[in-house]
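>>> Based on what follows, work out the 3D shape:
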Amino acid sequence: RSGLFLQRHLAGLSAKVSWMPDILSINELISELSGLDEATQMESVFTIYDLFVSEVEDAEGLDEFYHWGEMMLADFDEIDKYLVDADMLFRHLLDLKEVEEPLAGLDPQQIRFIRQFWEGFREGGVTEEKSRFLQIWKLLPRLYHGLRHNLKSAGSGYQGMRYRQVNDFIAEGSLAPPHGNIIVAGFNALNRCEKNIFSWLKQQG
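This next block holds a predicted model:
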């Protein structure tokens, strides 16, 4: 919608016929730079469920799992957008003593949140719900990597995965500089991937 209003405004400023610049959402730009098509939420959750069924005996039905799958996908998306080491994150959450190790790559606010959550979780006795939660939690690294592998094999990715792909290209030095000028507008509260991508664009002029 904002792109449409910008086009109308630019058209009103022009006194003659001229070419309209391409106006892309950040999602469209990331798809273009990453080379991966957008995987829908439903496609991604179904993929997570197939992986989950292959890992768990007596897995619940898809209708019961779907809400879990949406939460997992949201977490995976955040992990990628903030360039968190997923294996390190999931491992450290199960061992509070290692959370504060420098290699965890976590900032002080993340560490405080993690410690608060797990210290609260450990209060009281072991319940069936807690045991089930831990069983699923320990599967998350395999579900995360399996989802990324399966989607990438199909040439697609969820949003955070495509963001991370572009960041990987930048880190490798393999992302081709864009043609022409790119103007970035209308953003606040940038995630780590966006900061890196916009910094890279600025370096390219």
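>>> For stretch 78-89, C-alpha coordinates in CSV please.
Taking C-alpha atoms only, stretch 78-89 is exported to CSV below (Å, rounded to 0.1, in the frame of the first residue of the first chain):
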residue,chain,number,x,y,z
GLU,A,78,13.6,-14.9,14.8
ILE,A,79,16.7,-17.1,15.2
ASP,A,80,17.6,-16.4,11.6
LYS,A,81,16.7,-12.7,11.5
TYR,A,82,18.9,-12.1,14.5
LEU,A,83,21.7,-14.4,13.2
VAL,A,84,21.6,-16.6,16.4
ASP,A,85,23.5,-19.9,16.4
ALA,A,86,20.6,-22.3,16.7
ASP,A,87,22.6,-25.3,18.0
MET,A,88,24.3,-23.1,20.6
LEU,A,89,21.0,-21.5,21.7
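>>> ok, now which ones touch residue 86?
Residues in contact with residue 86 (CB atoms under 8 Å, 6 or more residues apart in numbering) are 76, 79, 140, 141, 144, 145. Glycine gets a C-beta too; all of them are placed from N, C-alpha and C.
>>> what about the fifth one, neighbour count?
When neighbours are defined as other CB atoms under 10 Å, residue 144 has 23 of them.
>>> Wait, a helix at it?
Yes - under DSSP: H, G, I helix; E, B strand; the rest coil, residue 144 sits within a helix.
>>> Quick check: it touching residue 76?
Yes - the criterion here is CB atoms under 8 Å, and residue 144 meets it with residue 76 at 5.4 Å.
>>> Would you mind writing the PyMOL command to select the buried ones in the contacts of residue 86?
Applying 16 or more other CB atoms under 10 Å to those, the buried members can be selected in PyMOL as follows:
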select buried, resi 76+79+140+144
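>>> Tabulate the contacts of residue 86 (JSON lines), appending distance to residue 6 and pLDDT.
Shown next, in JSON lines, are those (distance: CB to CB, whole Å; pLDDT from 0 to 100):
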{"residue": "76", "distance to residue 6": "32", "pLDDT": "94"}
{"residue": "79", "distance to residue 6": "32", "pLDDT": "90"}
{"residue": "140", "distance to residue 6": "40", "pLDDT": "91"}
{"residue": "141", "distance to residue 6": "42", "pLDDT": "93"}
{"residue": "144", "distance to residue 6": "37", "pLDDT": "97"}
{"residue": "145", "distance to residue 6": "39", "pLDDT": "97"}
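>>> No further queries at this time; thank you.
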